[in-house]
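**Student:** Turn this into a model:
(chains A and B)
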Amino acid sequence: MTVGSAEPARQAGTARVKRGMAEMLKGGVIMDVVTAEQAKIAEDAGAVAVMALERVPADIRAQGGVARMSDPDMIEGIVEAVSIPVMAKARIGHFVEAQVLQALGVDYVDESEVLTPADPHHHIDKWAFTVPFVCGATNLGEALRRISEGAAMIRSKGEAGTGEVSNAVVHMRTIRAEIARLSALPAEELYAAAKELRAPHDLVAEVARLGKLPVVLFTAGGIATPADAALMMQLGAEGVFVGSGIFKSGDPVRRARAIVEATTMYKDPDVIAKVSRGLGEAMVGINVTDLPATARYADRGW
Amino acid sequence: MTGKKIRIGVLALQGDVREHVRALAVAGAEPAEVRGPEELAAVDGLVLPGGESTTIGRLLRIFGLLEPLRAAVGDGLPVYGSCAGMILLARDVLDGRPDQPLIGGLDMVVRRNAFGRQVDSFEADLDVVGVDGPPMHAVFIRAPWVEKSGDGVAVLARVGEHPVAVRQGHLLATSFHPELTGDTRMHELFVEMVRQRGRA
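**Tutor:** Okay, the predicted model is just below:
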């Protein structure tokens, strides 16, 4: 059997290619990194992708000021350092930062509430891009509004940079409960449900039919331990973003590996117990209830 | 094995496991997720899903599946790998990590992320040898291609000069992801390979 060469017409940047990329990340851990060295540690530990940024959320909180897209030199350094996919953050509504990240060859753009929003009314029109986008959501309506704007992947917001998992838990439970409720509704009640959710009816009907989002759902915000990661997976996350939790801990190499292994074997308490031993100090963290309303990132975006 | 549904495992350490499970069920097999050596021993064939090949390779080693899988492939277990799964079946990988564990078995060298980064990912219609009917709609995501292969490897499809679907005996591999399109003909081909081996 031999087959001659063929040049089929190629379509890039389709919804299927963008959403499909996220399907390939499922069951994996995406780690925030601020240097090429950290990116290599993440890759060595088995991360499925890295998120390149200048300051992890915990430092953005501590240092204050306006948080923006990272320096292109720094992003390029990380793209060159690793062979796994590289993601980077653009400010909510800042479509030029997203254009720059696409031009740099970044594999996924996170339109992120961790950075200071650039537009109080409009998110980025993500359909206009070849590069896929991931966006944060605290509930189903927010997730569907982002998908209607072209997001190809959703993550729960949690409360980034706190090392406290409670908000991620609330967001994941909320999204799952709202999906379950939709699935139980008769078709004629989905119109009113779409109005309540402030989301397009066709997407609401699709979620009701599928019993899940039409894109991959990860978790993010406050995951600091292997048990946190496994908790979020058992609650229905399809994968995990870890921000400050690894490189703000005492032993990032071991913690990164442990979180990867706990995410894979999230249903096996023996594995989680084994990998949780001797990890050194976890990030100190901040209790979410101690944060004033103005310091909560999850409220950014709508 | 006639009358009994054949049981095909999907390696479930990381990647698009659910999509392969669904496609195998439609193709008439009984799918099962495989995370450890006992589960591997209980299947008639195995799918290596799409995902991140460096991550899956590392997890294979950590959870004690790498050597059992190499042994099973050596004993003739039918295996189908898509994308990352194709890389894992290769004898060597270019543009990979130097320490990246591979299962091997297919006499080929693959180039990882050969078509480029995610902005270069694409879909296209493709004629595949052994798949009857209209062309397959193939989805390539940061996909590898076959850089070179031995005489025993049959090329089933190419993009440009580069093989993107190959078969060698009981091993099948594609650069693309038929599991993402709802077209189950590639999975049917694999189910048939497993069935033939069961009769042999």
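
**Student:** the longest helix in chain B is where?
**Tutor:** helix B:185-199 (DSSP state H).

**Student:** hmm, that one touching chain A?
**Tutor:** No: when contact is scored as Cβ under 8 Å from any Cβ of the partner chain, no part of helix B:185-199 falls within range of chain A; the minimum is 13.1 Å. The C-beta positions use only the backbone N, C-alpha and C, and glycine is treated the same way.

**Student:** Verify the contact between B:M193 and B:D44 for me.
**Tutor:** No: when contacts are counted by Cβ atoms under 8 Å, B:M193 is not listed as touching B:D44 (10.4 Å).

**Student:** what's next to the longest helix of chain B, contact-wise?
**Tutor:** Helix B:185-199 is contacted by residues B:1, B:6, B:8, B:20, B:23-24, B:26-29, B:44-45, B:47, B:76, B:78, B:80, B:128, B:130-133, B:136, B:170, B:172, B:174, B:178-179 when judged by Cβ atoms under 8 Å, 6 or more residues apart in numbering or on different chains.

**Student:** Now do the shared contacts for B:M193 and B:D44.
**Tutor:** Listed as contacting both B:M193 and B:D44 by Cβ under 8 Å, 6+ apart are B:P78.

**Student:** ok, how many other residues are close to residue 82?
**Tutor:** As the question left the chain open, I've gone with chain A. Neighbours of A:V82 under the rule other Cβ atoms under 10 Å in any protein chain shown: 21.

**Student:** switch to chain B, that's the one I care about
**Tutor:** The criterion is other Cβ under 10 Å. On that basis, B:S82 has 31 neighbouring residues.

**Student:** show me the contacts for B:D92.
**Tutor:** Here B:D92 is in contact with B:102, B:109-110 (criterion: Cβ under 8 Å, 6+ apart).

**Student:** how about those in a markdown table, adding distance to A:A67?
**Tutor:** Rendered in a markdown table, the data for those read as follows (distance: Cβ to Cβ, whole Å):
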| residue | distance to A:A67 |
| --- | --- |
| B:L102 | 41 |
| B:V109 | 44 |
| B:V110 | 40 |
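
**Student:** Which elements pack onto the least confident helix or strand in chain A by mean pLDDT?
**Tutor:** Here the helix or strand of chain A ranked lowest by mean pLDDT, DSSP states H and E is helix A:57-63, holding a mean of 86. If you count contacts as 3 or more Cβ pairs under 8 Å, 6 or more residues apart in numbering or on different chains; DSSP states H and E, helix A:57-63 packs onto helix A:244-247.

**Student:** Let me know the pLDDT of residue 131.
**Tutor:** No chain specified, so I'll use chain A. Turning to A:V131, the model gives it a pLDDT of 98.

**Student:** That was the other one, I meant chain B.
**Tutor:** What the model reports for B:V131 is a pLDDT of 95.

**Student:** OK, contacts around the residue of the stretch 151-300 of chain A found nearest chain B?
**Tutor:** As assessed by Cβ to the nearest Cβ, chain B sits closest to A:T264 within the stretch 151-300 of chain A, at 5.5 Å. Applying Cβ under 8 Å, 6+ apart, one finds that A:T264 lies in contact with A:27, B:13-14, B:35, B:59, B:63.

**Student:** which ones are touching B:G116?
**Tutor:** Counting by Cβ under 8 Å, 6+ apart, B:G116 makes contact with B:R142.

**Student:** And the lowest mean pLDDT element among the helices and strands of chain B?
**Tutor:** Evaluated with mean pLDDT, DSSP H and E, the helix-and-strand set of chain B has its lowest mean pLDDT in helix B:185-199, which scores a mean of 93.

**Student:** Enumerate the positions of that one that are buried.
**Tutor:** Residues of helix B:185-199 classed as buried by neighbour count (16 or more other Cβ atoms under 10 Å in any protein chain shown): B:185-191, B:193-195, B:197.

**Student:** now, which of the residues you listed sits nearest chain A?
**Tutor:** The nearest member of those to chain A, counting by Cβ to the nearest Cβ, is B:L189 at 13.1 Å.

**Student:** ok, now how distant is the closest one from B:A27?
**Tutor:** 9 Å (Cβ to Cβ, to the nearest Å).

**Student:** same thing with A:M69?
**Tutor:** Going from A:M69 to B:A27 by Cβ to Cβ gives 45 Å.

**Student:** Just the closest residue of the stretch 101-250 of chain A to chain B, please.
**Tutor:** Scanning the stretch 101-250 of chain A for proximity to chain B using Cβ to the nearest Cβ identifies A:D107 as nearest, at 3.8 Å.

**Student:** Grab the nearest non-local neighbour of the residue most central in space within chain B.
**Tutor:** For chain B, the residue lying nearest the average C-alpha position, counting by Cα atoms, centre = their mean, turns out to be B:G81 (0.7 Å). For B:G81, the nearest residue in space outside its immediate sequence neighbours is B:L48; the separation is 3.9 Å by Cβ to Cβ, 6 or more residues apart in numbering or on different chains.

**Student:** Hmm, the one you found is touching B:V79, no?
**Tutor:** Yes: A contact is recorded between B:L48 and B:V79 when judged using Cβ under 8 Å, the distance being 6.4 Å.

**Student:** Can you check which residues contact both of the two?
**Tutor:** A shared contact of B:L48 and B:V79, defined by Cβ under 8 Å, 6+ apart, is any residue touching both; here these are B:89, B:103.

**Student:** So for A:M69 and B:A27, which residue has more residues nearby?
**Tutor:** Between A:M69 and B:A27, counted using other Cβ under 10 Å, the more crowded position is A:M69 (23 against 18).

**Student:** CA-only coordinates of stretch A:41-52, as PDB, when you get a sec.
**Tutor:** Provided in PDB are the C-alpha atoms of stretch A:41-52 (Å, rounded to 0.1, in the frame of the first residue of the first chain):
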ATOM      1  CA  ILE A  41      10.300  22.800  36.100                       C
ATOM      2  CA  ALA A  42       6.600  22.700  35.100                       C
ATOM      3  CA  GLU A  43       7.300  20.700  32.000                       C
ATOM      4  CA  ASP A  44       9.600  18.300  33.800                       C
ATOM      5  CA  ALA A  45       6.800  17.700  36.400                       C
ATOM      6  CA  GLY A  46       4.400  16.700  33.700                       C
ATOM      7  CA  ALA A  47       2.300  20.000  33.200                       C
ATOM      8  CA  VAL A  48       0.200  19.800  30.000                       C
ATOM      9  CA  ALA A  49       0.800  23.600  29.400                       C
ATOM     10  CA  VAL A  50       2.200  26.600  31.100                       C
ATOM     11  CA  MET A  51       0.700  30.100  31.600                       C
ATOM     12  CA  ALA A  52       3.400  32.700  31.100                       C
END
